[in-house]
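Chemist: Generate a structure from the sequence data that follows.
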Amino acid sequence: MSDSNPSVGGSLEDFLEELGERDEVYGGAIKRVLAWEIEEARKTQSVSKSEMALRMGTSRTQVERVLDPQNVAVSLDTLERAARSLGKKLRVTLVDV
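Modeler: As a prediction, the model looks like this:
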């Protein structure tokens, strides 16, 4: 038996690019990872969401938005304040594609 299907072997990135959804998917994935990392740091340090909000100088509702992996409408400033509230630093870098 031979693998002669020409559509097999393409990358997910190529597929998403074809659909015009690559940037949206990447943005969502980045936010999910950041939300997870912030939540893990919060839990590890036993910081309540209310305490985190106090440290950030914001509301608990805003903390919920930061921790919501589906909410991609969170500013870099807010993510930076969330990271700092837990003794972390947000680092954003540009990479070649």
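Chemist: all strands in this structure, in order from the N-terminus.
Modeler: Counting by DSSP state E, one finds no strands in the chain.
Chemist: so where's the longest helix in it?
Modeler: Longest helix in the chain, counting residues (DSSP state H): helix 22-44.
Chemist: Now do that one: which elements does it pack against?
Modeler: helix 12-19, helix 60-67, helix 76-85 (3 or more CB pairs under 8 Å, 6 or more residues apart in numbering; DSSP states H and E). Yep, even glycine has a C-beta here, placed from its N, CA and C like the rest.
Chemist: Which residue lies nearest the spatial centre of this protein?
Modeler: By CA atoms, centre = their mean, the chain has its centre lying nearest to Lys31, at 1.6 Å.
Chemist: ok, back up a step: of the helices and strands packed on helix 22-44, which approaches Gln45 most closely?
Modeler: Gln45 lies closest, by CB to CB, to one member of the helices and strands packed on helix 22-44: helix 76-85, at 9.8 Å.
Chemist: and the closest one, how far out from the chain's middle?
Modeler: On the basis of CA atoms, centre = their mean, to the nearest Å, helix 76-85 sits 12 Å off its chain's mean C-alpha point.
Chemist: same deal with stretch 54-70?
Modeler: On CA atoms, centre = their mean, the centre of stretch 54-70 falls 14 Å from that of its chain.
Chemist: now do stretch 47-57
Modeler: Distance, centroid of stretch 47-57 to centroid of chain: 19 Å (CA atoms, centre = their mean).
Chemist: where does this structure have its least confident helix or strand?
Modeler: Ranking every helix and strand in the chain by mean pLDDT, DSSP states H and E puts helix 12-19 at the bottom, with a mean of 71.
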